[in-house]
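Engineer: What would the 3D arrangement of this be:
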Amino acid sequence: MRRILLGGLGLAFGVWTPNALAQQPAFTNAQPTRAAKLGKPSVVADSPSPSDPAVTPAGLFRNGPAQQVVTYAPGNLGPPTPVITQPPSVSTPIPTPMPMPMGTDAPPMAQPLPGIPLPSPRPMPDGPPMVTESRDPTGRIPTGVLVPSVMPDDIACPQPCLEDPLCTLPTAFGRQGSWGNGRNWLSAELLLWWNRSSQVPPLVTTSSPQFNGIPGQGDTQVLLGGSFGNTFHVGGRVGGGHWFDDNQCQGFDWRVFWLSPTTTSYTATVPPYTLLARPFFNTDPNIANVPFGQSAEVVAGPGVANGFVKVTMKDTLWGAEANYRSSLWRNETARLDFLLGYRYLDLQDTLTIVEGFNRVPGSDFNIGTPAQSGIIADQFRTTNQFHGGQIGLVGTIQRGRWSLNARSSIAFGTVFQSADISGAQSLMFPNGTVQTSPGGLLAVPGANIGHWTQSRFAVVPEVGLNFGYQLTSRLQLFVGYNFLYLSSALRPGGVIDPNVDAARVPNLLPAGAATPVTPVHPVPLMNPTGYFIQGINFGLVYRW
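Structural biologist: Next comes the predicted model:
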């Protein structure tokens with residue numbers, strides 16, 4: 001009967017007295033044993049005495065100051081070492097203690113938590129026992145719920161990202177201690193890039209007067225033909241991104257770049273050249289005084305007219321991309337990400353050929369166009385718009401403040417190509433009248449003047465390599481190299497048809513001198529070529 005009364009009294013104190021008293025173990029000179037409480041088992045050691053100031057009673061201090069979790073070993077010198085632990089969920093049912101058997105002094109046995117097997121007893125290891133105490137800094141656990149002093153074996157604290165086998169805990173690329181945990185970034189770059197020039201057929205020639213600038217005859221020289229266009233461009237690129245999670249496993253990024261329009265000009269005049277001509281291949285064999293095959297239109301020559309030929313090339317390029325980004329692998333100093341997204345490119349070129357002449361006094365109006373002066377222009381404008389999906393990889397290696405970043409991608413899609421061909425003439429005759437008409441020399445109405453389109457399959461690979469220096473915890477400076485390629489690009493040189501039916505060219509021949517033949521020439525050739533651009537980039541990136 002005495003044991004029953006004492007057991008009931010102890011149970012009552014365990015429920016109604018403060019938590020510190022309910023969980024405080026009794027220290028004796030006996031060997032360490034496990035004392036049962038309203039929760040999980042606690043280790044009870046006989047080394048420290050209850051009055052030892054290094055031991056703090058376990059329990060919940062409701063509405064009190066936040067307390068950190070402390071693990072300590074009795075008898076060790078030095079301050080206790082903080083250890084982060086996690087108390088069990090407050091929704092876990094409180095196990096009911098088993099009643100003490102009659103006629104025995106054995107302590108009551110605790111019931112296991114639902115779904116968690118009670119660990120088997122093990123012999124105590126050598127050395128002083130370890131005691132872990134828990135505090136609730138918020139006071140949100142309901143009154144009467146007791147937190148065990150020692151977490152049972154086989155129960156691990158939950159870790160983030162364990163469900164993703166491709167993701168590891170953040171280290172060098174992880175949280176930055178601010179809002180967003182380093183999830184966002186913005187970058188800005190200065191681009192110094194060189195592109196591939198356009199290839200054009202012979203556009204301007206010179207020779208002695210008797211050869212009329214016809215290619216392949218006498219001393220005729222090609223003044224402009226082949227590679228043409230300024231290859232150096234200055235531009236910029238901005239980008240950014242966002243990680244969907246604190247561990248930087250999945251996110252997206254975007255980049256937009258542009259190159260300032262660049263214009264290249266070439267001008268030839270008479271004088272100092274003796275003669276200027278614009279060559280073409282005549283496809284009409286029935287024209288008198290104009291040979292079939294290689295021929296030329298004389299712009300200016302001695303005793304006839306002074307004049308000039310000016311050729312300009314203007315080109316511009318811009319593009320954008322947006323990608324889903326996922327972590328493939330990483331450790332403390334390196335990571336590798338996968339890209340899947342969309343890319344757009346827009347390349348435009350405009351080639352303009354302008355010729356002008358002014359007859360010298362006393363010239364023979366039976367030679368050439370019977371006009372006192374005139375301006376004739378041809379223009380070829382091409383546009384390439386690429387749309388495609390892309391895949392790629394981004395890798396980073398970090399060593400202190402220095403980093404190496406490599407990015408490689410390839411896009412597959414369709415490039416929509418168009419050519420706008422136009423020409424015009426303005427002639428002033430000796431009587432003062434001015435006549436304007438469509439068409440030049442290589443752009444002829446009823447032949448190739450107009451808007452022409454086609455679509456081609458294309459690939460766009462890109463590689464970039466940057467060396468960076470971490471200036472602050474958020475700001476990084478870098479310098480690098482970039483290479484971009486478009487497998488199918490329509491340039492003005494691929495549109496110009498040098499085969500011309502001289503009878504179709506306005507004001508080239510006297511009226512009624514010849515009849516056009518078939519097939520019609522010139523035609524828009526629409527011959528694309530490969531295009532690339534490469535160069536150096538300087539930039540910075542800000543993360544928060």
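Engineer: Run through the stretch 101-250 of the chain and note the low-pLDDT ranges.
Structural biologist: Per-residue confidence for the stretch 101-250 of the chain (pLDDT under 70) gives these ranges: 101-181.
Engineer: the strands in the stretch 401-544 of the chain, which residues?
Structural biologist: Across the stretch 401-544 of the chain, reading from the start of the chain, the strands by DSSP state E, counting those that start in this stretch fall at 402-428, 434-438, 450-470, 475-489, 499-500, 529-543.
Engineer: would a markdown table of those strands with distance to residue 271 and mean pLDDT be doable?
Structural biologist: To be clear about C-beta, it is placed using only N, CA and C from the backbone, and glycine gets the same treatment. Output for the strands of the stretch 401-544 of the chain, formatted as a markdown table (distance: least, CB to CB, whole Å; pLDDT from 0 to 100):
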| stretch | distance to residue 271 | mean pLDDT |
| --- | --- | --- |
| strand 402-428 | 22 | 97 |
| strand 434-438 | 27 | 94 |
| strand 450-470 | 38 | 97 |
| strand 475-489 | 39 | 98 |
| strand 499-500 | 28 | 96 |
| strand 529-543 | 37 | 97 |
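Engineer: can you tell me which of those strands comes nearest to residue 221?
Structural biologist: Closest of the strands of the stretch 401-544 of the chain to residue 221 is strand 499-500, at 20.9 Å (criterion: CB to CB).
Engineer: Please report the distance of residue 379 from residue 354.
Structural biologist: According to CB to CB, to the nearest Å, residue 379 and residue 354 sit 9 Å apart.
Engineer: Compare these two (neighbour count), which wins?
Structural biologist: When neighbours are counted by other CB atoms under 10 Å, residue 379 and residue 354 differ, and residue 379 comes out ahead with 20 against 17.
Engineer: quick revisit: can I get the strands of the stretch 401-544 of the chain in a markdown table with distance to residue 335 and mean neighbour count?
Structural biologist: Supplementary listing: those in a markdown table, determined by distance: least, CB to CB, whole Å; neighbours: other CB atoms under 10 Å:
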| stretch | distance to residue 335 | mean neighbour count |
| --- | --- | --- |
| strand 402-428 | 10 | 19 |
| strand 434-438 | 60 | 12 |
| strand 450-470 | 14 | 16 |
| strand 475-489 | 15 | 18 |
| strand 499-500 | 57 | 20 |
| strand 529-543 | 14 | 17 |
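Engineer: what would those look like in a markdown table with distance to residue 333?
Structural biologist: Below are the strands of the stretch 401-544 of the chain laid out as a markdown table (distance: least, CB to CB, whole Å):
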| stretch | distance to residue 333 |
| --- | --- |
| strand 402-428 | 9 |
| strand 434-438 | 66 |
| strand 450-470 | 13 |
| strand 475-489 | 15 |
| strand 499-500 | 62 |
| strand 529-543 | 17 |
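Engineer: closest to residue 265 out of those strands?
Structural biologist: Closest to residue 265 of the strands of the stretch 401-544 of the chain is strand 402-428 (CB to CB; 19.1 Å).
Engineer: Within its sheet, name the partner strands of the closest one and how each one runs.
Structural biologist: In the sheet containing strand 402-428, its partner strands are strand 373-399 (antiparallel), strand 434-438 (antiparallel), strand 450-470 (antiparallel), by DSSP bridges.
Engineer: got TSV for the ones you listed, with distance to residue 418 too?
Structural biologist: Below are the strands paired with strand 402-428 laid out as TSV (distance: least, CB to CB, whole Å):
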stretch	distance to residue 418
strand 373-399	5
strand 434-438	20
strand 450-470	5
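Engineer: closest to residue 193 out of those?
Structural biologist: In terms of CB to CB, the element of those nearest to residue 193 is strand 450-470, at 11.7 Å.
Engineer: Can I get that closest one as CSV, trimmed to CA atoms?
Structural biologist: These are the backbone C-alpha positions of strand 450-470, laid out as CSV (Å, rounded to 0.1, in the frame of the first residue of the first chain):
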residue,chain,number,x,y,z
GLY,A,450,10.3,44.1,-103.8
HIS,A,451,10.0,42.2,-100.5
TRP,A,452,11.2,38.6,-100.5
THR,A,453,11.1,36.0,-97.7
GLN,A,454,12.2,32.5,-96.8
SER,A,455,12.7,30.4,-93.7
ARG,A,456,15.6,28.1,-92.9
PHE,A,457,16.6,25.7,-90.1
ALA,A,458,19.5,27.0,-88.1
VAL,A,459,21.6,26.3,-85.0
VAL,A,460,23.0,29.0,-82.7
PRO,A,461,25.9,27.8,-80.5
GLU,A,462,27.4,30.1,-78.0
VAL,A,463,30.3,29.8,-75.5
GLY,A,464,31.6,32.3,-72.9
LEU,A,465,34.3,32.3,-70.3
ASN,A,466,34.6,34.9,-67.5
PHE,A,467,37.2,35.5,-64.8
GLY,A,468,35.7,37.2,-61.8
TYR,A,469,36.8,38.9,-58.6
GLN,A,470,34.5,39.2,-55.6
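Engineer: tell me the angle it makes with strand 475-489.
Structural biologist: With axes from the mean of the first three to the mean of the last three CA atoms, to 10 degrees applied, the angle from strand 450-470 to strand 475-489 works out at 150 degrees.
Engineer: Can you verify residue 245 is assigned to a helix?
Structural biologist: No: when DSSP: H, G, I helix; E, B strand; the rest coil is applied, residue 245 is found to be coil, with no helix at that position.
Engineer: ok, so what distance separates it from residue 394?
Structural biologist: Separation of residue 245 from residue 394 (CB to CB) stands at 17 Å.
Engineer: swap in residue 204?
Structural biologist: The value you get for residue 204 to residue 394, if CB to CB is used, is 48 Å.
Engineer: Between these two, point out the one with more neighbours.
Structural biologist: Residue environment comparison for residue 204 versus residue 394 gives the larger neighbour count to residue 204, 26 against 20, counting by other CB under 10 Å.
Engineer: I figured the more buried one hits residue 276, correct?
Structural biologist: Yes: at 6.6 Å, residue 204 and residue 276 qualify as touching, with contact defined as CB atoms under 8 Å.
Engineer: list residues touching both of the two?
Structural biologist: 223, 268, 309 (CB atoms under 8 Å, 6 or more residues apart in numbering).
Engineer: Highest neighbour count among those?
Structural biologist: Among the shared contacts of residue 204 and residue 276, residue 309 has more neighbours than the rest - 27 neighbours, counting by other CB under 10 Å.
Engineer: Name the helix or strand for that residue, please.
Structural biologist: Secondary structure here is read from DSSP states H and E; on that basis residue 309 sits in strand 305-330.
Engineer: so after that strand, what's the next helix or strand?
Structural biologist: Past strand 305-330, further along toward the C-terminus, the next helix or strand under DSSP H and E is strand 334-359.
Engineer: Listing partners with orientation, what would you give for that following strand?
Structural biologist: For strand 334-359, sheet partners with direction are given as strand 305-330 (antiparallel), strand 373-399 (antiparallel), following DSSP bridges.
Engineer: got the buried residues for the first one?
Structural biologist: Residues of strand 305-330 classed as buried: 305-321, 323, 325-327, 330 (neighbour count, 16 or more other CB atoms under 10 Å).
Engineer: same deal with the longest one?
Structural biologist: Taking 16+ other CB under 10 Å as the basis for neighbour counts, the residues of strand 373-399 that come out buried are 373-374, 376-384, 386, 388, 390, 392, 394-396, 398.
Engineer: orientation of that strand relative to strand 529-543 in degrees?
Structural biologist: With the same axes, to 10 degrees as the basis, strand 373-399 and strand 529-543 are set at 50 degrees to each other.
Engineer: Also the shortest one?
Structural biologist: Calculated by the same axes, to 10 degrees, strand 305-330 forms an angle of 50 degrees with strand 529-543.
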